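1. Sequence and predicted model, in that order:
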Amino acid sequence: MKPSLNNLDQDFSSFHVNSQTFPYKALIFGTLVSAFEWYDYALFGYFAAIIGNQFFPSSDPMTSLLASFGVFASGFVMRPIGSIFFGFIGDRIGRKAALLTSLIMMAMPTMALGMLPTYKAIGIWSSICLVLIRLLQGIAVGGNYGGSFVYTIEHAPFHQRGLAGSLAAFGVLGGLLVGSGVAAMMAALLSSIDLHLYGWRIPFILGGLSGVIGYVIRNKIPDLTYRSTEEGEESNPLPIIIKHHLGDLLKAIGIILLDGVGIYITFVFITTFASVFLKLPEGKVLTVNTIAMFVLVMLIPFFGWLGDKVSQRLILIGTSLGFLILSIPLFGLLISFPSIKMLLILQLIFSILMGAVYGAAPTLVATAFPPSVRYTASSLSFNVSLAVFGGTAPFLVTQLIYQSGWLITPAIGLTIVGAISGISVKTLRAYNRNGCK
């Protein structure tokens, strides 16, 4: 029997959430899972230069760096596959089951990376194993990113769903922040020789503990599972999305460019950009990155709260304009007057813009899809956008700078992102409490 659109277009009322009680356990779980997974996933970016030297040695440091960013991007290729696999679990078995499984799947290869022998020890097998580990990480994070937002939003009262979604995003950036902080701490405490010899491995090995924590708390958290009442409804969410929600999926992908390209250029690639291309001291660059990311993380709940008051759409339109107008001037100043102070100014301004993105985007994207396919569709939206554009951004920008010599290249990319996202925000519509757009 053909799936009924009326049945598919139910909203949060499908889950009978108590509108008077804020879901603290669900909120804490969704936030922690996001933080653990993104701490594990982002460490690779912070130690990209060291990993390149360890696993892709070359007489040309730029070649090693490009190889490292190439592996970094390979994990993103697997994220849409993770979205489909874990999306099926999340939409047809349970949100909690999908998140826990993805967390454990992330923890194991992260610890393995921290113990992986280098190219000097086992040759090409080290490079192959590194790629396989990154692919497994990509599948795992594909099951978390987007899904954790859905989990927290669906447990929240309708008038606080923006705040709930922003707190799950708070976990994502919190994980990135902790990763940046640990990387900066390792650089500060250890000599350059010790950092390259063994220090970079410690954060990866510690990341493996997240799977243990997830397993221990698994019975203490609530769950929601969408149960279709329409006999004969398509069991696989993906065909439903393609048939009935493809336009919304494409618009959501456009919005999430703010997230993917924005964060990976201004908070991941920027550490390499500043230290390699602008010759700023690596330890101070990582410290500035950590300070700016702390500001970003602290702003996310504020913009989540504000989105519930003034609408997530309005916030994201303003953010898109910020990308469009400010990117080239800010990067131009940093390139013309390279200093730690200018780097801090640039990153603090983007902290505000990215805080708005993470505070508003999760709820607007998640509520653009009905509950029966929401986990899959939201995960696909986030992970396709990041796989195609976000994860490849550091590699492509590095390659373009290397080939053309244009240091302004990152800013041009951010400007284009602002234009595309602004159009997408204007045209994407969310479901209201009555299940109507």
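-> Here it is on my side, so go on. Numbering: from 1, shown residues only.
2. List the buried residues for the host helix or strand of residue 360?
-> Element membership of residue 360, judged by DSSP states H and E, is helix 340-366. Residues of helix 340-366 classed as buried: 342-347, 349-351, 353-366 (neighbour count, 16 or more other C-beta atoms under 10 Å). C-betas here are computed from N, CA, C, even on glycine.
3. quick one: low-confidence ranges for the stretch 151-300 of the chain?
-> The model of the stretch 151-300 of the chain has pLDDT under 70 over residues 218, 224-234.
4. What are the boundaries of the helices in it?
-> Across the stretch 151-300 of the chain, reading from the start of the chain, the helices by DSSP state H, counting those that start in this stretch fall at 161-189, 192-194, 201-207, 209-216, 237-244, 246-263, 270-272, 282-310.
5. about what we covered before: and the helix holding residue 360, how far from the chain's centre?
-> Average the C-alpha atoms of helix 340-366, do the same for its chain, and the two points are 13 Å apart (C-alpha atoms, centre = their mean, to the nearest Å).
6. could you say what helices and strands that helix packs with?
-> helix 147-155, helix 161-189, helix 246-263, helix 270-272, helix 282-310, helix 312-336, helix 371-385 (3 or more C-beta pairs under 8 Å, 6 or more residues apart in numbering; DSSP states H and E).
7. So for residue 220, which of those sits nearest?
-> If you check each of the helices and strands packed on helix 340-366 against residue 220 by C-beta to C-beta, helix 147-155 wins as the nearest, at 14.3 Å.
8. before we move on, the earlier item: for the helices and strands packed on helix 340-366, give me JSON lines that also has mean neighbour count.
-> Formatted as JSON lines, the helices and strands packed on helix 340-366 follow (neighbours: other C-beta atoms under 10 Å):
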{"stretch": "helix 147-155", "mean neighbour count": "30"}
{"stretch": "helix 161-189", "mean neighbour count": "25"}
{"stretch": "helix 246-263", "mean neighbour count": "23"}
{"stretch": "helix 270-272", "mean neighbour count": "24"}
{"stretch": "helix 282-310", "mean neighbour count": "21"}
{"stretch": "helix 312-336", "mean neighbour count": "19"}
{"stretch": "helix 371-385", "mean neighbour count": "29"}
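9. mind putting those helices in CSV, distance to residue 415 included?
-> Written out in CSV, the entries for these read as follows (distance: least, C-beta to C-beta, whole Å):
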stretch, distance to residue 415
helix 147-155, 27
helix 161-189, 23
helix 246-263, 11
helix 270-272, 16
helix 282-310, 20
helix 312-336, 5
helix 371-385, 17
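10. Residue 42 is nearest to which of the ones you listed?
-> Comparing the helices and strands packed on helix 340-366 by their distance to residue 42 (C-beta to C-beta), the top pick is helix 161-189, with 4.5 Å.
11. just the angle between that closest one and helix 246-263, please?
-> Inter-element angle recorded for helix 161-189 and helix 246-263: 30 degrees (by axes from the mean of the first three to the mean of the last three C-alpha atoms, to 10 degrees).
12. List the residues that contact residue 292.
-> Residue 292 sits next to 267, 344, 347, 348, 350, 351 when contact means C-beta atoms under 8 Å, 6 or more residues apart in numbering.
13. Which pair in the residues you listed has the greatest spatial separation?
-> Every pair of the contacts of residue 292 checked by C-beta to C-beta; the farthest is 267 and 344, at 12.8 Å.
14. which regions of the stretch 301-437 of the chain sit below the pLDDT cut-off?
-> Scanning the stretch 301-437 of the chain for pLDDT under 70 picks out the ranges 431-437.
15. From residue 170, how far off is the closest residue to residue 267 other than its chain neighbours?
-> With sequence-adjacent residues excluded and distances taken as C-beta to C-beta, 6 or more residues apart in numbering, residue 267 is closest to residue 293, at 5.8 Å. As for residue 293, its distance to residue 170 is 12 Å (criterion: C-beta to C-beta, to the nearest Å).
16. Over to residue 410?
-> The value you get for residue 410 to residue 170, if C-beta to C-beta is used, is 25 Å.
17. returning to what we had before: out of the helices of the stretch 151-300 of the chain, which is closest to residue 79?
-> helix 246-263 (10.2 Å).
18. what angle do the closest one and helix 340-366 make?
-> 160 degrees.
19. any idea of the angle helix 246-263 forms with helix 237-244?
-> Using the same axes, to 10 degrees, the direction of helix 246-263 lies 110 degrees away from that of helix 237-244.
20. Restricting to C-alpha, output helix 246-263 in PDB.
-> Listed in PDB are the C-alpha atoms of helix 246-263, where the atom choice follows Å, rounded to 0.1, in the frame of the first residue of the first chain:
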ATOM      1  CA  LEU A 246      13.800  15.500  -1.900                       C
ATOM      2  CA  GLY A 247      13.400  19.300  -2.300                       C
ATOM      3  CA  ASP A 248      13.500  19.900   1.400                       C
ATOM      4  CA  LEU A 249      16.500  17.700   1.700                       C
ATOM      5  CA  LEU A 250      18.400  19.800  -0.900                       C
ATOM      6  CA  LYS A 251      17.500  23.000   0.800                       C
ATOM      7  CA  ALA A 252      18.600  21.600   4.200                       C
ATOM      8  CA  ILE A 253      21.900  20.600   2.700                       C
ATOM      9  CA  GLY A 254      22.300  24.200   1.500                       C
ATOM     10  CA  ILE A 255      21.700  25.600   5.000                       C
ATOM     11  CA  ILE A 256      24.200  23.200   6.500                       C
ATOM     12  CA  LEU A 257      26.900  24.600   4.300                       C
ATOM     13  CA  LEU A 258      27.200  27.300   7.000                       C
ATOM     14  CA  ASP A 259      28.000  24.600   9.500                       C
ATOM     15  CA  GLY A 260      30.300  22.300   7.400                       C
ATOM     16  CA  VAL A 261      32.400  24.800   5.400                       C
ATOM     17  CA  GLY A 262      32.200  27.400   8.100                       C
ATOM     18  CA  ILE A 263      33.500  25.300  11.000                       C
END
